[in-house]
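Trainee: predicted coordinates and the sequence they were generated for:
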Amino acid sequence: MSAIVQVINGEGEFESAGVQSFVDKNELAQCRTNYAVVAIMGPQSSGKSTLLNYVFGTDFKMMDAMEGRGQTTKGIWMSKSPKVADTTVLVMDLEGSDGRERGEDDTNFERQSALFALAVADVLLVNIWCHDIGREHGSGKPLLKTIFQVNLKLFAPEPDRKKTVLLFVIRDKTKTPLAKLTEVLEADLDRMWDSIAKPAAYSGSKMTDFFEVQYAALSHFEERYEDFQADAVHLRRRFAPDVIATWGFPWENTGQLPGDAFALSIHNIWDVIRSQKDLNLPAHKVMVANIRCQEILEDQLRAFTGDQAWAGLQEAAGLGAVEGFGAQVAGLMDSCVKGYEAEALYFDSHVREDKFQELSKRLLAAVQPLYQAQVGSRREEAGLALLPEGAASSGGGFVAAAAACRAAAVKEFGMAFKKHLHIQGTPWDGAAEAAALEAALDSHIGKVRSEHVAAAVARAEKQLRSLLSAPVIALLEVCGPGMWPKLYGVCREAAAAADKQLLAGLAGYGLGAAEAEALSEGLRARARASMEGHVREAALTRLSRMKDRFQEVFSQDESRAPRMWGARDDVPAIAAAARLAAANVLAQLALARTSSDAASAPAPADGAASSSAAAPAAAAASSHGAAGAALDLLSAAAWPGVSDESRVLLAPHDVRTSWREFMSYSNVAVQQALSAQQANRLANNRLPPLWAIVAMLALGWNEAMALLFNPLLLLVVGVLVLFLRSLYVELDVERELARGALPGAISLSHKVVPACKSVSCECECECGWGRPA
């Protein structure tokens, strides 16, 4: 006899270890796909185990008629057939359906085991008594209908690919011909298949697309024992390979898994079946319990929401905090729960407990809005709204004041919760509410602190602007060499002063080193941005600034006095210096220097400016060719060595355009200065009027004759006149007196002696009496 193994026990648990041991012992892995599974289903005590033992030679436990009728097979068992040669046949014996041991209300396992047999077996034997054919429940049609429907949903078989054989074994056959019995069964099967709910993919399918139906009839086991044995042998021959073609039995399974995966495959199939809720149809008592417990639940909820005490509590809660709110709500909820428990006491315990949990959840959902409103009211009473004033006015700094307010608010709320808000029997223990309050307080404290910090930063920025504007504007008015280091120096000093005021104003706010550094860096960045803004504005007015700088240097001397353009003034040299000063203005406004390179090598614009001004100085200030030479030096499309476009305030094209306009203006100014100088020279060399000459001749005739007849005196007078004229020119009397009579006289008094020496030396050199010093 072949060994048997329990696949699924009576509690519905899969016996993994036993099945794997059975597979290994029977060397199923060696068979690869050359094996088949035969299972049997049918009513309890209908002779299923007896049929399998006589047909396949297995050793399943059979019912002993002398001991009475009852459950013999519990769960699902499996054995290997020793009587079928040339192939491996695994035989499964299922627990019978409709057994009194499980009762009328527990039919889940018989549905699950039948579906398992249908999904696993290549041949499913349906054991049916002959006298039950034509009956609804006796023939097992409801069970077949259920497993057919769920099989389509769970395993989605493909039509005509692998058909499972349904072999209806008719027991205790009578005189009724097998053909007549087959007609009845086929008609019932067709009606059953048409009535089941099918997925959309199988809406037009037929039963023959998935199953091949076969029929066999056996004689009575007790009354015609020898005939029964002969029928069993005849049935066994259907499984012999040499008669496959004769009986049309589809033994070759193209989609069969290899034998080493058999245990894992049937285990997964059972897990899928156990998780399928469509098979867990409620029993009669469970259905009644579901309906009645749900009705009781709804009645209790309506009584709760319609209670006058609940309505009064809602009205009072709308006006603010309610004293003893938690105790009142707990009493109402407890009354509702006790009413449910009293009425649902006699129904199924599992259903009653499930509905109780649903009632609890719905009660909490009904109470929660009112509860949250009360929590909000108590939170406001805890002092959250007074926190900014308290934190701002208390001593010891903002952090200490805020911590004190927070601790007081949390303590007050905790006391109020225990006294007024706690609802006995609910999961609301106050921890989440206290955590929410603390989070709200922290958020509010952070918000107030951020506002105070922002206000302090705004004050510091205002001071920064006041400290920065005047020095930066003054430096930009000159735009001299070394302007950028001075600008960054002003930024550093202004940012340091503003930073000092900011940190002093935020003392007690718990600033960390990183936060303080971030604020300081922000002030430094704002200082640089403000300075750069002034520079960019100055760059837009570059031409007027160049003109002003040119006029300042060209039209005023070292003492800031207006130039009179005397004979000794070198107009071209002064114009070159003035143009160089204007070029420096343009150079400083062309590129923004960073703090790191402000004191390093000159920028490309600086060199271009120097070259632009040097050319006209060498070629004469009024020459138009000088401007052309400068433009040649600035003919590039971009500043060499400048990769950051944000630093470019003026492109080379803008510089060239501005310089051409400036040269046009400066040429006019230089030409005017030269004209004024020439006019002054002519004015100094102008002779006396004719009438004055005639008067001098008439009135000074005697003196003239005296001079003419005295050569020595004439020589002395001539030399004295020439000396005084040279001294007049050397002293530049007109220019000195232009400052005013008294300042001019004082200045001339200091220059008389050096001028006399200078004129004497020149005379000696001209006469050859000595060498120049």
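Mentor: Nice, thanks for sending it over.
Trainee: and the gap between Arg32 and Ile40?
Mentor: Separation of Arg32 from Ile40 (Cβ to Cβ, to the nearest Å): 25 Å. C-beta coordinates here come from the backbone N, C-alpha and C atoms, glycine included.
Trainee: swap in Cys130?
Mentor: 17 Å.
Trainee: so what touches whichever strand or helix holds Ala706?
Mentor: Element membership for Ala706, per DSSP states H and E: helix 701-708. Contact partners of helix 701-708, identified using Cβ atoms under 8 Å, 6 or more residues apart in numbering, comprise Leu697, Leu713, Leu714, Val717.
Trainee: just checking, what packs against the helix or strand that contains the second one?
Mentor: Meaning Leu713. Applying DSSP H and E as the criterion places Leu713 in helix 711-731. On a contact count with 3 or more Cβ pairs under 8 Å, 6 or more residues apart in numbering; DSSP states H and E, helix 711-731 meets helix 701-708, helix 741-767.
Trainee: ok, back up a step: so the helix holding Ala706 versus helix 711-731, what angle?
Mentor: What separates the directions of helix 701-708 and helix 711-731 is an angle of 100 degrees, with axes from the mean of the first three to the mean of the last three Cα atoms, to 10 degrees.
Trainee: just the C-alphas of helix 701-708, formatted as PDB.
Mentor: C-alpha atoms of helix 701-708 as PDB (Å, rounded to 0.1, in the frame of the first residue of the first chain):
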ATOM      1  CA  TRP A 701      60.200 167.400 -25.300                       C
ATOM      2  CA  ASN A 702      62.700 169.000 -23.000                       C
ATOM      3  CA  GLU A 703      63.200 165.700 -21.100                       C
ATOM      4  CA  ALA A 704      63.500 163.800 -24.400                       C
ATOM      5  CA  MET A 705      66.200 166.200 -25.600                       C
ATOM      6  CA  ALA A 706      68.000 165.900 -22.300                       C
ATOM      7  CA  LEU A 707      68.000 162.100 -22.700                       C
ATOM      8  CA  LEU A 708      69.100 162.300 -26.300                       C
END
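Trainee: next one: it to chain centre, how far?
Mentor: Remark: helix 701-708 is offset 113 Å from the chain centroid, using Cα atoms, centre = their mean, to the nearest Å.
Trainee: stretch 210-222 now?
Mentor: 68 Å.
Trainee: which residues touch that stretch?
Mentor: Counting by Cβ under 8 Å, 6+ apart, 47, 50-51, 65, 130, 157, 159, 163-173, 178, 181-182, 185-186, 189, 207, 227-228, 230-232, 235, 238, 247-250 sit against stretch 210-222.
Trainee: any idea which helix or strand carries the residue nearest the centre of the chain?
Mentor: Compute the mean C-alpha point of the chain, and by Cα atoms, centre = their mean the closest residue is Ser443, 21.5 Å away. Here Ser443 sits within helix 431-478, counting by DSSP H and E.
Trainee: quick one on the thing from earlier: among the contacts of stretch 210-222, name the buried ones.
Mentor: Buried members of the contacts of stretch 210-222, counted by 16 or more other Cβ atoms under 10 Å: 47, 50-51, 130, 157, 163-173, 181-182, 185, 189, 207, 228, 231-232, 235, 238, 249.
Trainee: restricted to strands, list those residues.
Mentor: Thr164, Val165, Leu166, Leu167, Phe168, Val169, Ile170, Arg171 (DSSP state E).
Trainee: shaky segments in the stretch 51-200 of the chain?
Mentor: The model of the stretch 51-200 of the chain has pLDDT under 70 over residues 63-71, 98-107, 136-140, 150, 153-162.
Trainee: what's the least confident stretch among the helices and strands packed on helix 711-731?
Mentor: With a mean of 71, helix 701-708 has the lowest mean pLDDT of the helices and strands packed on helix 711-731.
Trainee: phi, psi for Leu218 please.
Mentor: phi -120, psi 150 (degrees, to the nearest 10).
Trainee: what is the neighbour count of it?
Mentor: 25 (other Cβ atoms under 10 Å).
Trainee: now it: closest residue in space that isn't a chain neighbour?
Mentor: Leaving out its chain neighbours, the residue that sits closest to Leu218 by Cβ to Cβ, 6 or more residues apart in numbering is Asp231, at 4.4 Å.
Trainee: so who does that neighbour touch?
Mentor: Counting by Cβ under 8 Å, 6+ apart, Asp231 has contacts Ala216, Ala217, Leu218, Ser219.
Trainee: scan those residues and report the most crowded one.
Mentor: If you rank the contacts of Asp231 by neighbour count (other Cβ under 10 Å), Leu218 sits at the top with 25 neighbours.
Trainee: phi, psi for Val322 please.
Mentor: Dihedral angles (degrees, to the nearest 10) for Val322: phi -110, psi 130.
Trainee: mind listing what it touches?
Mentor: Leu313, Ala316, Gln328, Gln374, His420.
Trainee: quick one: buried ones out of those?
Mentor: Counted by 16+ other Cβ under 10 Å, those give Leu313, Gln328, Gln374, His420 as buried.
Trainee: could you list which of the contacts of Val322 belong to helices?
Mentor: Leu313, Ala316, Gln328, Gln374 (DSSP state H).
Trainee: and the gap between the last one and Asn702?
Mentor: Just to be clear, that refers to Gln374. 133 Å.
Trainee: what is the subsequent helix or strand relative to the lowest-mean-pLDDT helix or strand in the chain?
Mentor: Lowest by mean pLDDT, DSSP states H and E among the helices and strands of the chain is helix 624-633, with a mean of 39. Towards the C-terminus, the helix or strand next in line after helix 624-633, according to DSSP H and E, is helix 652-684.
Trainee: just want the angle from that following helix to helix 711-731.
Mentor: 160 degrees.
Trainee: helix 652-684 packs against which elements?
Mentor: helix 542-555, helix 571-590, helix 604-619, helix 624-633.
Trainee: can you give me the buried ones in the first one?
Mentor: Judged by neighbour count using 16+ other Cβ under 10 Å, the buried positions of helix 542-555 are Arg542, Leu543, Arg545, Met546, Lys547, Asp548, Arg549, Phe550, Val553, Phe554.
Trainee: that helix packs against which elements?
Mentor: Using 3+ Cβ pairs under 8 Å, 6+ apart, helix 542-555 sits against helix 431-478, helix 571-590, helix 652-684.
Trainee: just give me the neighbour total for Gly326.
Mentor: 21.
Trainee: how much space between Val478 and Glu493?
Mentor: 18 Å.
Trainee: what about the two, which has more around it?
Mentor: Val478 (17 against 14).
Trainee: what's the closest non-adjacent residue to that one?
Mentor: For Val478, the spatially nearest residue (Cβ to Cβ, 6+ apart) is Arg549, at 7.4 Å.
Trainee: the one you found contacts Val585, doesn't it?
Mentor: Yes. Contact criterion Cβ atoms under 8 Å: Arg549 and Val585 qualify, at 4.9 Å.
Trainee: overlap of the contact sets of the two?
Mentor: Cys479.
Trainee: between the buried ones among the contacts of Val322, which sits nearest Val668?
Mentor: Gln374 (87.5 Å; Cβ to Cβ).
Trainee: so who does Gly414 touch?
Mentor: Gly430, Ala434.
Trainee: for the host helix or strand of it, C-alpha coordinates in CSV please.
Mentor: Using DSSP H and E, Gly414 maps to helix 397-416. The C-alpha trace of helix 397-416 is given here as CSV (Å, rounded to 0.1, in the frame of the first residue of the first chain):
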residue,chain,number,x,y,z
GLY,A,397,15.2,88.7,27.2
PHE,A,398,12.8,87.4,24.7
VAL,A,399,13.8,83.7,25.0
ALA,A,400,13.3,83.6,28.8
ALA,A,401,10.0,85.5,28.6
ALA,A,402,8.7,83.2,25.8
ALA,A,403,9.8,80.1,27.7
ALA,A,404,7.9,81.3,30.8
CYS,A,405,4.8,82.1,28.8
ARG,A,406,5.0,78.7,27.1
ALA,A,407,5.4,76.7,30.3
ALA,A,408,2.5,78.6,32.0
ALA,A,409,0.2,78.0,29.0
VAL,A,410,1.0,74.3,28.8
LYS,A,411,0.4,73.9,32.6
GLU,A,412,-2.9,75.7,32.5
PHE,A,413,-4.1,73.7,29.5
GLY,A,414,-3.1,70.4,31.2
MET,A,415,-5.1,71.2,34.3
ALA,A,416,-8.1,72.3,32.2
